[in-house]
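Peer 1: Generate a structure from the sequence data that follows.
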Amino acid sequence: MTGFEAIDALLNASGPEAELPPAEERRALREGLQLSRPQLAQVLGVSPSTVGGWESGRDPSGEVREKYAYFLQRAGEMLRPADEAAGTKAAAADADETDCAAEPTADPGPVDTEPDDVEALPSALPCVLCGGPAAHQVAGFPQHLDPVECAAPAASAPAATEPETSPPSARTPRRETGRKPQRQGGQPVVAVGRRVQTADTPDLIGDAVRAALERHGGDVEAATAALIKRAIPDAMILLDETRKGARYDIIAHPGMPDILRKKTAKGADEIWEARPKWTRPELPPGRHEITALDVNGAYLSALKTHLPIGQLEHSTGFDHDRRRAGVHLITPPAWDHEDVLPNPIGNRDEPGPLWVTEPTLRLLLRLSGPKYGLCDPPEIHESYTSGATENLLEKFRITLKDARDRAIVQEDDVTLEYVKAMYSKFVSTMGESNYNRELYRPDWMHLIRSQAFANLWMKALRAHEEGLIVVSAMGTDELHVLGEWKSVFPQGRGVSEVKVKDVYAVGTDVDPAAAGSGDAAEGK
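Peer 2: Next comes the predicted model:
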């Protein structure tokens with residue numbers, strides 16, 4: 001490049017950024033061309049979650065912004081109608097499609113396992129399984145109540161196999177209810193274009209490990225270091241793969257209330273995670289052998305927690321809706337069991353209300369209930385919540401867990417370290433982090449970490465109820481106990497098991513002579 005060409009390139013690079021249409025138009029332009037997020041992500045060199053973030057309000061920068069702006073411009077030109085009448089008709093069709101097919105953001109509604117409502121339809125609509133006329137709907141989806149009435153098996157029904165990008169006129173009108181899909185003839189009924197895929201998930205973890213070992217000539221240390229370095233983007237790719245066919249799209253970049261934003265670059269937000277750091281104030285007299293237990297895969301287990309799906313909405317009042325999840329401003333109850341169990345909200349010296357996560361609130365409500373009666377219910381002042389499900393990351397969690405279990409059996413330390421880096425970095429970088437721009441969910445980060453703390457707390461309670469003396473509870477995975485712990489917790493390296501981290505002695509032996517003198521004096 002000559003000097004003048006270099007100057008031109010520098011001036012071009014320093015010019016104004018390409019203009020982008022509003023976020024709500026970006027998705028409409030893509031869907032108007034019947035393109036999926038993965039298709040667009042592939043040509044732009046990003047992940048589908050990144051495209052989803054752009055369509056939710058975040059803006060790209062640099063060269064990829066230029067490419068994305070060019071795509072949107074060309075898409076708009078291709079979709080521009082030939083005349084005003086055609087434009088009006090197309091706009092109406094797009095609006096209908098958005099109303100029918102858009103995933104819920106702010107309030108996906110209930111996602112628990114309560115039975116779905118069955119309603120009679122005023123006129124027959126195509127069954128989502130077979131396409132034939134159905135007189136009823138279940139959870140808002142037209143379908144036959146009797147499998148015998150279906151004109152064809154569910155697996156071969158045209159409506160069930162329509163691609164998500166079908167044109168509006170070819171898709172069955174539907175409404176999202178947020179309820180769990182009914183089953184008919186053993187086949188889950190889900191919305192058109194969102195049917196669970198039957199193809200097996202590719203072995204992305206195994207493929208990555210094999211490729212890394214081959215690339216580094218079998219050098220285990222070099223392959224492990226390379227895999228750990230790419231753990232975050234690989235975790236996001238795995239997340240996208242395990243979400244295929246899921247009922248809800250993950251809202252990757254919703255707007256967040258100020259309480260979930262850091263006050264300074266290196267500071268913290270206003271959410272209290274209830275991290276335990278507790279040691280029993282007093283042990284029985286004598287010398288004791290204490291076992292420090294390590295809880296395996298604490299963050300991996302905590303991926304199974306109630307996560308809000310869409311935009312958090314503000315509410316006030318004491319009522320707690322178990323079908324929603326988020327963060328809550330509460331006045332915690334008094335805790336009168338500090339001598340034997342840690343406070344469920346952790347070590348907090350300041351009195352008064354504080355913002356806690358869903359797992360912490362649910363733990364307090366559980367402990368205040370009739371089964372335990374250990375404290376009064378917390379007082380809820382206000383909340384930021386959204387419709388939630390406990391299984392949002394379940395396929396992602398199971399995939400990582402299975403890979404971890406296989407690695408342990410096969411003594412595959414490369415895979416074991418890679419998987420650990422994937423789930424731990426996934427949790428730690430989904431907040432305000434420069435290492436993961438594809439998922440901005442600080443609420444999820446707090447909830448998952450707090451769930452790990454809550455899981456450890458419940459293990460401490462179980463030990464206490466089984467007659468062990470709980471000596472210490474630290475962080476997410478460390479529990480120190482006195483007593484026959486093997487009858488309470490299974491030992492091993494599995495996620496549901498514990499392993500011994502340390503064994504140490506505390507206290508002093510009782511002086512036999514002093515004890516004998518005391519007995520003699522008492523005999524007198």
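Peer 1: Give me the phi and psi for the residue nearest the centre of the chain.
Peer 2: Per C-alpha atoms, centre = their mean, the C-alpha nearest to the average position across the chain is that of residue 393, at 4.7 Å. Phi and psi for residue 393, reported as degrees, to the nearest 10, are phi -110, psi 20.
Peer 1: That one contacts residue 302, correct?
Peer 2: No - taking C-beta atoms under 8 Å as the definition, residue 393 is not a contact partner of residue 302, at 9.8 Å. For glycine as for every other residue, the C-beta is placed from the backbone atoms N, C-alpha and C.
Peer 1: Run a quick neighbour tally on the residue lying closest to the residue nearest to the centre of the chain once chain neighbours are set aside.
Peer 2: Here the nearest residue to residue 393 in space, its sequence neighbours aside, is residue 303; by C-beta to C-beta, 6 or more residues apart in numbering that works out to 4.6 Å. Applying other C-beta atoms under 10 Å, we find 24 residues neighbouring residue 303.
Peer 1: go on, the one 5 residues further on?
Peer 2: For residue 308, the neighbour count with other C-beta under 10 Å is 28.
Peer 1: which residues touch it?
Peer 2: Residues counted as contacts of residue 308 (C-beta atoms under 8 Å, 6 or more residues apart in numbering) are 324-326, 385-388, 443-444.
Peer 1: For it, which non-adjacent residue is spatially closest?
Peer 2: Per C-beta to C-beta, 6+ apart, closest to residue 308 is residue 386, 3.6 Å.
Peer 1: is the one you found in a bridge, and if so with what?
Peer 2: On the basis of DSSP bridges, residue 386 is bridged to residue 325.
Peer 1: State the pLDDT value of residue 5.
Peer 2: As predicted, residue 5 sits at a pLDDT of 65.
Peer 1: let me redo that: residue 140
Peer 2: At residue 140, the model reports a pLDDT of 54.
Peer 1: rewinding a little: how much space between the residue nearest to residue 393 and residue 459?
Peer 2: 17 Å (C-beta to C-beta, to the nearest Å).
Peer 1: Convert the C-alpha atoms of the longest helix along the chain to PDB, please.
Peer 2: Longest helix in the chain by number of residues (criterion: DSSP state H): helix 442-465. Provided in PDB are the C-alpha atoms of helix 442-465 (Å, rounded to 0.1, in the frame of the first residue of the first chain):
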ATOM      1  CA  PRO A 442     -25.900  -9.800  35.100                       C
ATOM      2  CA  ASP A 443     -29.200 -11.000  36.600                       C
ATOM      3  CA  TRP A 444     -28.400 -14.600  35.500                       C
ATOM      4  CA  MET A 445     -24.900 -14.300  36.800                       C
ATOM      5  CA  HIS A 446     -26.100 -13.300  40.300                       C
ATOM      6  CA  LEU A 447     -28.900 -15.900  40.300                       C
ATOM      7  CA  ILE A 448     -26.600 -18.800  39.300                       C
ATOM      8  CA  ARG A 449     -23.900 -17.900  41.800                       C
ATOM      9  CA  SER A 450     -26.500 -17.500  44.500                       C
ATOM     10  CA  GLN A 451     -28.000 -20.900  43.700                       C
ATOM     11  CA  ALA A 452     -24.600 -22.400  44.200                       C
ATOM     12  CA  PHE A 453     -24.500 -20.800  47.700                       C
ATOM     13  CA  ALA A 454     -28.000 -21.900  48.400                       C
ATOM     14  CA  ASN A 455     -27.100 -25.500  47.400                       C
ATOM     15  CA  LEU A 456     -24.200 -25.500  49.800                       C
ATOM     16  CA  TRP A 457     -26.400 -24.100  52.600                       C
ATOM     17  CA  MET A 458     -28.900 -26.900  52.100                       C
ATOM     18  CA  LYS A 459     -26.100 -29.400  52.400                       C
ATOM     19  CA  ALA A 460     -25.100 -27.800  55.700                       C
ATOM     20  CA  LEU A 461     -28.700 -28.100  56.900                       C
ATOM     21  CA  ARG A 462     -28.800 -31.800  55.800                       C
ATOM     22  CA  ALA A 463     -25.600 -32.500  57.700                       C
ATOM     23  CA  HIS A 464     -27.100 -30.800  60.800                       C
ATOM     24  CA  GLU A 465     -30.300 -32.800  60.600                       C
END
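Peer 1: from the chain's centre, how far out does that helix sit?
Peer 2: Relative to the centre of its chain, helix 442-465 is centred 15 Å away, using C-alpha atoms, centre = their mean, to the nearest Å.
Peer 1: for the record, mean pLDDT for it?
Peer 2: For helix 442-465, the mean per-residue pLDDT is 96.
Peer 1: Flag every buried residue along it.
Peer 2: 442-457, 459-461, 463 (16 or more other C-beta atoms under 10 Å).
Peer 1: I figured the residue nearest to residue 308 was touching residue 311, is that so?
Peer 2: Yes - using C-beta under 8 Å, residue 386 is in contact with residue 311, at 6.2 Å.
Peer 1: So the two - more neighbours on which side?
Peer 2: residue 386 (23 against 17).
Peer 1: how much space between the more buried one and residue 505?
Peer 2: 50 Å.
Peer 1: With residue 357 instead?
Peer 2: Residue 357 is 37 Å from residue 505, by C-beta to C-beta.
Peer 1: who's more crowded, those two?
Peer 2: residue 357 (29 against 10).
Peer 1: That one and residue 305: what is the separation?
Peer 2: From residue 357 to residue 305 the distance is 9 Å (C-beta to C-beta).
Peer 1: swap in residue 237?
Peer 2: From residue 237 to residue 305 the distance is 22 Å (C-beta to C-beta).
Peer 1: More neighbours: those two, which one.
Peer 2: residue 305 (25 against 17).
Peer 1: contacting residues for the more buried one?
Peer 2: Counted by C-beta under 8 Å, 6+ apart, residue 305 has contacts 358-359, 390, 447-448, 451.
Peer 1: Check residue 381 too.
Peer 2: 316, 328-331, 353.
Peer 1: if you set the cut-off to 10 Å instead, what comes out?
Peer 2: Residue 381 sits next to 316-318, 328-331, 353, 355 when contact means C-beta atoms under 10 Å, 6 or more residues apart in numbering.
Peer 1: chain center to the helix or strand it falls within, what's the gap?
Peer 2: Assigned by DSSP states H and E, residue 381 belongs to strand 379-389. Centroid separation between strand 379-389 and its chain, computed with C-alpha atoms, centre = their mean, is 16 Å.
Peer 1: what's the angle between that strand and helix 442-465?
Peer 2: Compare the direction of strand 379-389 with that of helix 442-465 by axes from the mean of the first three to the mean of the last three C-alpha atoms, to 10 degrees and you get 110 degrees.
Peer 1: Quick check: mean pLDDT of strand 379-389?
Peer 2: 95.
Peer 1: helices and strands around the following helix or strand past that strand, which ones?
Peer 2: Sequence order places helix 394-409 as the next helix or strand after strand 379-389, per DSSP H and E. If contacts are counted by 3 or more C-beta pairs under 10 Å, 6 or more residues apart in numbering; DSSP states H and E, helix 394-409 sits against helix 204-215, helix 231-242, helix 298-302, helix 413-428.
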